[in-house]
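Engineer: Structure of the sequence below:
(chains A and B)
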Amino acid sequence: MADYNHRETEQKWQRFWDENQTYRTTTDAAGQASSKPKFYVLDMFPYPSGAGLHVGHPLGYIASDIVSRYKRLKGFNVLHPMGFDSFGLPAEQYAIQTGQHPAITTENNIATYIKQLKQIGFSYDWSREVRTSDPSYYKWTQWIFMELFNSWYNKDTDRAEPISTLLEKFATNGTTDVNAVCDADTPAFTAAEWNNLSATERHAITLHYRLTYLADAVVNWCPALGTVLANDEVKDGVSERGGYPVEQKKMRQWMMRITAYADRLLTGLDTIDWSESIKEQQRNWIGKSVGASVKFALETDAATSIEVFTTRVDTIYGVTFMVLAPEHELVGSLTTPEQRDAVEAYVNAAKLRSERDRMSDVKTVSGVFTGSYCLNPFSGEKVPIWLADYVLAGYGTGAVMAVPSGDQRDWTFATHFGLPIVAILDTQKDVDTQADNTKEGRYINSGIINGMTYKEATATLIAWLEERGLGSARVNYRMRDAVFSRQRYWGEPVPVYFKADANGTVLPYLIDESELPLELPAVDKYLPTETGEPPLARAEGWKYNPTPNPSPSQGEGNYEYELSTMPGWAGSSWYWYRYMDPKNDSEFASKEAIAYWQDVDLYMGGSEHATGHLLYSRFWNKFLKDRGYVTQEEPFKKLINQGMIQGRSNFAYRIKGTGIEGVPPVFVSLNQINGREVTPLHVDVNIVENDVLDIEAFKKQRPDLADGAEFITEPDGKYVVGAEVEKMSKSKYNVVNPDTVVERYGADVLRLYEMFLGPLEQAKPWNTNGIDGTFRFIRKFWRLFYEEKADGTSKWVVTDEAPAPAELKILHKTIKKVQEDIDNYSFNTSVSAFMVCVNELSTLKCRKRAVLQDLVLLLSPFAPHITEELWAALGNEPGTVSSASFPVFDPKFLVEDAFEYPIQINGKVRTTISFATDRAASEIEQEVLANDVVQKWLEGKTPKKVVVVPKRIVNVVL
RNA sequence: AGCCCUGUAGCCCAACCGGAAGAGGCACCAGAUUUAGGAUCUGGAUAGUGUCAGUUCGAAUCUGACCAGGGUUACCA
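Structural biologist: Numbering: from 1, shown residues only, chains lettered A, B, ... in the order given. Below is the predicted model of the structure:
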């Protein structure tokens, strides 16, 4: 064997692993899975985009693969799968442009992905691969949808229950005992009333309770994409994908009652090991506010009142005006004839302002008086009612009791329109210059709460309100129910059809479970129809005919299916269970498999899913738990967000005034610019090495820029480029493809180098400059085993000699460090620990099998190919390095007899003295003070204090 | 505007519960080897930890304020 050949070796082992299914995880459904403890390592579901992987994508995969391999060596039964979230917009957009079926595009993209992933040597159990767009997978996504449809949320038991328990309650006691999360306009009725209803009437009522339901919702409609978007798919008023404008539109949509779980989604965060920033983002998204709702009756109509939500009911005596959202339903009836023109103008202007305008313009104060008044329930004072667009129709009740002395927005509004400002706490300061939202002090100008503290006042006011039916304590959430419909083709069909009863009322019904999966039909085009219906309306003859066959003569059958499809997050909200039992055709995963694997121990992925996927998955998981299908309340115990890998762009500098009409371009090297006016132009980072440009390659690649160009180089003839960190993207010519790196340096080097770049969770730029270091490391490691001879051949030099203490010390120091680092997900430091180890063993010329074999095992999670090769060369069964045992750290090899103490005088090191590690501090102190150097510094004085820290330092304080 | 993360050699990064600022890598310089380049080996130089205070015998580490960069949310009553 000559010098290490990574191409040959890596391909050999990748083939071996494939053929021998080395990483196949066996959990047999019988439950006797394995006596080993389980460990589930999961990477976030990738969407297989057409561009393939760039060098930033594998970062998290490498880290999770290291953990997987490490845990296997540590005796765990590891589940480490990979699959594809393969429904989605890009394939569909491509289909619209080219007419190619998205399934074909998706298939091709996945093939590229798998090829790239396999090249990096990941230990995925590919036999468990799943794809959300596969009918055998989405059968179960549809099944879960059906379960949601067949469930309601019982607030008394605080969990989801089958709809049957609700029907029982209706039949025995009507709505009296029902404490459910349901629509706002749900009617109340008695058991007798219920029992007299027709089947369709009953069905209509249950629709108010189901965890997925149809509603006319104001949605984010994106005309360019032809679909609605969830709130988390809209960024800055434009679509996250594509950046198209989004407008508000009322449409009939399937909704998910995630708000039923708001509180559990919030409290569950305290039980999981996720980064504080992600948890905080989820908390903000859920947006729980504890407060009260209060009714303000109208001055002219005591029967009608405006309800507000407030978190500071204690400030109610400071209310000097009321503000409604321009969309508020009472606006019309509240407006007096004198104000009508002004109000209408304002409401219309607000309607025209897009979400985006509103957001970009938060400074301008605007509003209009309706002319009407309501009454403060406590003081009975007249409160003028205004409209302003700083009040959001969608939050709380769309109305705010304005307390200018305590709330800055109210203060700004009051000041602008000359409304009164009344202080209500004796500690409030300068309410003439700004609002003061303190809760300290005692109330003034405040009727029944004068002299009370915040706590006393709040309790008193709420009790008073509840007694009179004028309000109550209330919790409000910012989070809304999630829109579940997408007017798209490439997604899961919703297993619902619509049927009219004798009176012509059309209601949704689930298809029969035996008919799952409801497969996506073929269509002639992937666009909405001319009448604006979703693409599925184009499917010829796509109608529901329940089995056994209905009689069409009676008007049965040929029912319309739901034409919208599910959103991207549907398939990814439960996929980790499918990996547990991916081929199961009778359940989404067997009870035994779920009981064994339970939950994900380590979840690796980007933080961009903070409020989308990670919230929806927790929601569905809680639902499945409630219904008894899964065992854990939270799906992902530990979450790590790998940092984004940014691009590092390179620039060539063209002197201004050159490269235009007849003037040939002149490029000047970075250090030769000397204040000249230059235009920086991106150059492909792949033709730059250590910031030196390959001029010939540049000319060839960009004749448009460099044809006939002159290059002013450094004195040594090199053209040095500039560099800047930017997002990795094609347009910036800074994309580095992992395939290129693997070809040149090998997968092991890529893996090591990606980890070596820096802390996993930190964002960092990709810079190929440093990769030579890890490349040298791998070869140096190889040379511990094979020595190169003068004639260029290599010789196996490992011996069976007993290792020396110094060698064992190096080994065990490394075992300890690597183990601790992996446990802390600090992979950059373990790579350098390996470098130290190999450097030290090389210096000692250590060839001992007892040391080197353990080192091979230690390194195998990071560099699986070379270690597999050496493991076999050491005489072990080929292909078994991943099923061996991790070397055991033994502290006895690290024991030191003596420690060289730095001796400080007043914090400055003046000398060092060696002491046995078991010397008592008092003895050390005496000897230190007797030391010549110390005596010299003492100058005969007695030290104030002597600090002796065992095995660290001695400090003599004068 | 709020919250979170990060500031250590030319660059990427280490330094545990405060204990001699440097482990590792890149780049750079010198030497050895080599026909040359590459590769390899040996040796070397460079920072006082973003700024200012505080706590301490002792601060890169803890606290506070500020500055810079990145992320995230955004009128939530």
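
Engineer: okay, CA-based contacts and neighbour counts for the rest of this
Structural biologist: Will do.

Engineer: and the gap between A:Asp426 and RNA strand B?
Structural biologist: Distance, A:Asp426 to RNA strand B, using CA to the nearest atom of the strand, to the nearest Å: 20 Å.

Engineer: isn't that residue right up against A:Ile444?
Structural biologist: Yes - using CA atoms under 8 Å, A:Asp426 is in contact with A:Ile444, at 6.2 Å.

Engineer: In terms of packing, which of these two has more residues around it?
Structural biologist: A:Ile444 (19 against 13; other CA atoms under 10 Å).

Engineer: Mind pulling up the pLDDT for that one?
Structural biologist: We have a pLDDT of 88 for A:Ile444.

Engineer: check contacts around it.
Structural biologist: A:Ala423, A:Ile424, A:Leu425, A:Asp426, A:Asn450, A:Gly451 (CA atoms under 8 Å, 6 or more residues apart in numbering).

Engineer: between those residues, which has the most around it?
Structural biologist: Using other CA under 10 Å as the neighbour test, those are led by A:Leu425, with 28 neighbours.

Engineer: which residue sits closest to it in space, ignoring its chain neighbours?
Structural biologist: Excluding the flanking residues, the one nearest A:Leu425 by CA to CA, 6 or more residues apart in numbering is A:Tyr443, at 4.4 Å.

Engineer: for A:Val178, same thing?
Structural biologist: Nearest non-adjacent residue to A:Val178, counting by CA to CA, 6+ apart: A:Lys169, 7.0 Å away.

Engineer: mind checking the SS state of that neighbour?
Structural biologist: The three-state assignment at A:Lys169 reads helix, by DSSP: H, G, I helix; E, B strand; the rest coil.

Engineer: Mind pulling the model confidence for it?
Structural biologist: So A:Lys169 comes in at 92 (pLDDT).

Engineer: For the strand or helix carrying A:Glu927, which helices and strands make contact with it?
Structural biologist: Assigned by DSSP states H and E, A:Glu927 belongs to helix A:921-930. Secondary-structure packing of helix A:921-930 (3 or more CA pairs under 8 Å, 6 or more residues apart in numbering; DSSP states H and E): strand A:945-949.

Engineer: Can you point out the buried residues in the strand it packs on?
Structural biologist: A:Val946, A:Val948 (16 or more other CA atoms under 10 Å).

Engineer: neighbouring contacts of the helix or strand A:Trp937 falls within?
Structural biologist: According to DSSP H and E, A:Trp937 maps onto helix A:932-938. Helix A:932-938 is contacted by residues A:Ile905, A:Arg910, A:Thr911, A:Val928, A:Leu929, A:Leu958 when judged by CA under 8 Å, 6+ apart.

Engineer: burial measure for the third one, as a count.
Structural biologist: The burial metric for A:Thr911, expressed as a neighbour count using other CA under 10 Å, is 16.

Engineer: same deal with the second one?
Structural biologist: In terms of burial, A:Arg910 registers 13 neighbours under the definition other CA under 10 Å.

Engineer: How about the first one?
Structural biologist: The burial count assigned to A:Ile905 is 19, neighbours taken as other CA under 10 Å.

Engineer: which residues pair with it across the strands?
Structural biologist: A:Lys908, A:Val956 (DSSP bridges).

Engineer: give the contact list for it.
Structural biologist: With CA under 8 Å, 6+ apart, A:Ile905 has these contacts: A:Val934, A:Trp937, A:Asn955, A:Val956, A:Val957, A:Leu958.

Engineer: Quickly note the distance from the fifth one to A:Val948.
Structural biologist: The reference is to A:Val957. For A:Val957, the distance to A:Val948 equals 11 Å [CA to CA, to the nearest Å].

Engineer: Whichever residue of the stretch 751-900 of chain A sits closest to RNA strand B: what secondary structure?
Structural biologist: Proximity of the stretch 751-900 of chain A to RNA strand B (CA to the nearest atom of the strand) peaks at A:Gly773, 3.1 Å away. Secondary structure, three-state DSSP: A:Gly773 is helix.

Engineer: Got the confidence number for it?
Structural biologist: Reported pLDDT for A:Gly773: 88.

Engineer: how about it, what does it touch?
Structural biologist: Taking CA under 8 Å, 6+ apart, one finds nothing in contact with A:Gly773.

Engineer: so what are the domain limits for chain A?
Structural biologist: A:34-144+A:568-641, A:151-260+A:482-561, A:288-477, A:645-727, A:743-881, A:896-957 (automatic domain parsing).

Engineer: could I get the ones you listed as a markdown table with distance to A:Gln11?
Structural biologist: Shown next, in a markdown table, are the domains of chain A (distance: least, CA to CA, whole Å):
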| stretch | distance to A:Gln11 |
| --- | --- |
| domain A:34-144+A:568-641 | 8 |
| domain A:151-260+A:482-561 | 36 |
| domain A:288-477 | 52 |
| domain A:645-727 | 24 |
| domain A:743-881 | 9 |
| domain A:896-957 | 44 |
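
Engineer: So which of those is nearest A:Gly268?
Structural biologist: Within the domains of chain A, the stretch nearest A:Gly268 is domain A:34-144+A:568-641; the backing value is 7.2 Å (CA to CA).

Engineer: Name the spans of the stretch 401-550 of chain A whose pLDDT lies under the cut-off.
Structural biologist: Scanning the stretch 401-550 of chain A for pLDDT under 70 picks out A:548-550.

Engineer: Please enumerate the strands of it.
Structural biologist: Taking DSSP state E, counting those that start in this stretch as the criterion, the stretch 401-550 of chain A contains strands spanning A:471-477, A:482-483, A:496-500, A:506-510, A:543-544.

Engineer: Which strands border the second one, and is each parallel or antiparallel?
Structural biologist: Which is strand A:482-483. Going by DSSP bridges, the partners of strand A:482-483 are strand A:247-256 (antiparallel).

Engineer: What of the first one?
Structural biologist: Each strand paired with strand A:471-477, and its direction, by DSSP bridges: strand A:288-297 (antiparallel).

Engineer: The fourth one now?
Structural biologist: Its sheet considered, strand A:506-510 pairs with strand A:496-500 (antiparallel) by DSSP bridges.

Engineer: How far does the partner strand sit from its chain's centre?
Structural biologist: Here the centre of mass of C-alpha atoms in strand A:496-500, compared against the chain's by CA atoms, centre = their mean, to the nearest Å, lies 36 Å away.

Engineer: What lies in contact with that strand?
Structural biologist: Counting by CA under 8 Å, 6+ apart, A:Thr505, A:Val506, A:Leu507, A:Pro508, A:Tyr509, A:Leu510, A:Ile511, A:Tyr544, A:Tyr559, A:Glu560, A:Tyr561, A:Glu562 sit against strand A:496-500.

Engineer: nearest to A:Ala457, of the contacts of helix A:932-938?
Structural biologist: A:Leu958 (59.4 Å).

Engineer: Show me the strands in the stretch 101-250 of chain A, by range?
Structural biologist: Under DSSP E, counting those that start in this stretch, the stretch 101-250 of chain A gives strands at A:151-154, A:159-162, A:180-181, A:212-222, A:227-229, A:234-235, A:238-239, A:247-256.

Engineer: possible to save those as JSON lines with distance to A:Gly708, mean pLDDT and mean neighbour count?
Structural biologist: Listed next are the strands of the stretch 101-250 of chain A as JSON lines, based on distance: least, CA to CA, whole Å; pLDDT from 0 to 100; neighbours: other CA atoms under 10 Å:
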{"stretch": "strand A:151-154", "distance to A:Gly708": "73", "mean pLDDT": "94", "mean neighbour count": "24"}
{"stretch": "strand A:159-162", "distance to A:Gly708": "73", "mean pLDDT": "95", "mean neighbour count": "21"}
{"stretch": "strand A:180-181", "distance to A:Gly708": "73", "mean pLDDT": "90", "mean neighbour count": "20"}
{"stretch": "strand A:212-222", "distance to A:Gly708": "48", "mean pLDDT": "80", "mean neighbour count": "19"}
{"stretch": "strand A:227-229", "distance to A:Gly708": "50", "mean pLDDT": "72", "mean neighbour count": "23"}
{"stretch": "strand A:234-235", "distance to A:Gly708": "45", "mean pLDDT": "68", "mean neighbour count": "16"}
{"stretch": "strand A:238-239", "distance to A:Gly708": "44", "mean pLDDT": "69", "mean neighbour count": "20"}
{"stretch": "strand A:247-256", "distance to A:Gly708": "51", "mean pLDDT": "81", "mean neighbour count": "17"}
